[in-house]
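S.K.: Here's my sequence, what's the structure:
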Amino acid sequence: MALIAVNLQAVRSRIARAAQAAHRHPADIALVAVSKTFPAAHIAEAFAAGQKAFGENHAQEAVEKITVLAALPLEWHFIGPIQSNKTRLIAERFQWVHSVDREKIAQRLNAARPDGTPLLNVLIQVNVSGEAAKSGVAPGEEAKLADAIARLPRLKLRGLMAIPEPTPDVTLQRRRFALLRELKDRLAARGHALDTLSMGMSDDFEAAIMEGATMVRIGTAIFGPRRKT
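M.R.: Okay, the predicted model is just below:
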């Protein structure tokens, strides 16, 4: 059995165990395999092992892979910071965008989404750990952005995303993820129909699942150490 397939099986087992511990069903937690910096051949190998959703954070690199793998029924998630001059590429080629943190970016994605295609699923990125160098709106600022996105006809607001600071402290991990869940609940109370919490990566996704993650983004545990770009 190829290494990527073995790793995928191990990750799915970890998700199932974490879901069981949280009294949740594993099927309620989507796995996005973060394939940034890895070649199209690795993605094809993961697809052969049953993985369909893939996350990328550089638009040009991603579009090259999307083009090469166009014959496969893959679901593409953009998970990185969004440059204004890359919004058209993202809007045209991806099904999900996890990292919307400005109304201007949302407007550009909406304008560039081609006619006749499904609505673009978007998530608001929240900087739950307050890191100065990290993208995302500050907690408390997500409501204004959510209201703005809801007015854009080619976008569908699905929920929130966060990338907390790396830490081995599981209590702190869970506190950050719990904050994102609470923010989602507040938006739901304002009338936003949200169903997605994208949180948790290779080193902390069990804690995220305990706090309600519906989508985890796993790269290293599937593909190995990230390649230098």
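S.K.: Parallel or antiparallel, list what pairs with the helix or strand containing H77.
M.R.: Secondary structure assignment for H77, by DSSP states H and E: strand 75-78. Applying DSSP bridges, strand 75-78 is found paired with strand 53-56 (parallel), strand 96-100 (parallel).
S.K.: could you show me where the strands are in the chain, in order?
M.R.: 30-34, 53-56, 75-78, 96-100, 120-125, 155-161, 196-198, 215-218 (DSSP state E).
S.K.: quick one, which of the ones you listed is nearest to F177?
M.R.: strand 196-198 (8.0 Å; Cβ to Cβ). C-beta: built from backbone N, CA, C; applies to glycine.
S.K.: Now tell me what touches the closest one from outside.
M.R.: For strand 196-198, contacts defined as Cβ atoms under 8 Å, 6 or more residues apart in numbering pick out 32, 98, 121, 123, 158-162, 180-181, 184, 208, 212-217.
S.K.: mind redoing it with 6 Å?
M.R.: Here strand 196-198 makes contact (Cβ atoms under 6 Å, 6 or more residues apart in numbering) with H98, L123, R158, G159, M161, K184, G212, A213, T214, M215.
S.K.: picking that back up, redo the strands of the chain as CSV? Include mean neighbour count, distance to R175 and mean pLDDT.
M.R.: Listed next are these as CSV, based on neighbours: other Cβ atoms under 10 Å; distance: least, Cβ to Cβ, whole Å; pLDDT from 0 to 100:
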stretch, mean neighbour count, distance to R175, mean pLDDT
strand 30-34, 22, 23, 98
strand 53-56, 24, 24, 98
strand 75-78, 23, 26, 98
strand 96-100, 25, 21, 97
strand 120-125, 25, 18, 98
strand 155-161, 23, 16, 98
strand 196-198, 24, 15, 98
strand 215-218, 25, 18, 98
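S.K.: Export these as JSON lines, with columns for distance to L109.
M.R.: Putting the strands of the chain into JSON lines (distance: least, Cβ to Cβ, whole Å) gives the following:
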{"stretch": "strand 30-34", "distance to L109": "19"}
{"stretch": "strand 53-56", "distance to L109": "15"}
{"stretch": "strand 75-78", "distance to L109": "10"}
{"stretch": "strand 96-100", "distance to L109": "6"}
{"stretch": "strand 120-125", "distance to L109": "6"}
{"stretch": "strand 155-161", "distance to L109": "6"}
{"stretch": "strand 196-198", "distance to L109": "17"}
{"stretch": "strand 215-218", "distance to L109": "19"}
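S.K.: Quick one, which of those gets closest to A41.
M.R.: Distance to A41, taken as Cβ to Cβ, is lowest for strand 53-56 among those, at 13.0 Å.
S.K.: which residues touch the closest one?
M.R.: Residues outside strand 53-56 that contact it (Cβ under 6 Å, 6+ apart) are V32, A33, V34, S35, K36, I43, A62, E75, H77, I79, R217.
S.K.: Skipping its backbone neighbours, what lies nearest the third one in space?
M.R.: I take that to be V34. Nearest residue to V34, sequence neighbours excluded (Cβ to Cβ, 6 or more residues apart in numbering): G219, at 3.2 Å.
S.K.: now M210
M.R.: Here the residue nearest M210, using Cβ to Cβ, 6+ apart, is A22, at 4.9 Å.
S.K.: what's the neighbour count on R174?
M.R.: Using other Cβ atoms under 10 Å, R174 has 16 neighbouring residues.
S.K.: now do Q107
M.R.: As a burial measure, Q107 scores 16 neighbours (other Cβ under 10 Å).
S.K.: ok, so what distance separates the closest residue to it other than its chain neighbours from A143?
M.R.: Residue nearest to Q107 in three dimensions, not counting chain neighbours: L152, with 6.8 Å by Cβ to Cβ, 6+ apart. Distance, L152 to A143, by Cβ to Cβ, to the nearest Å: 16 Å.
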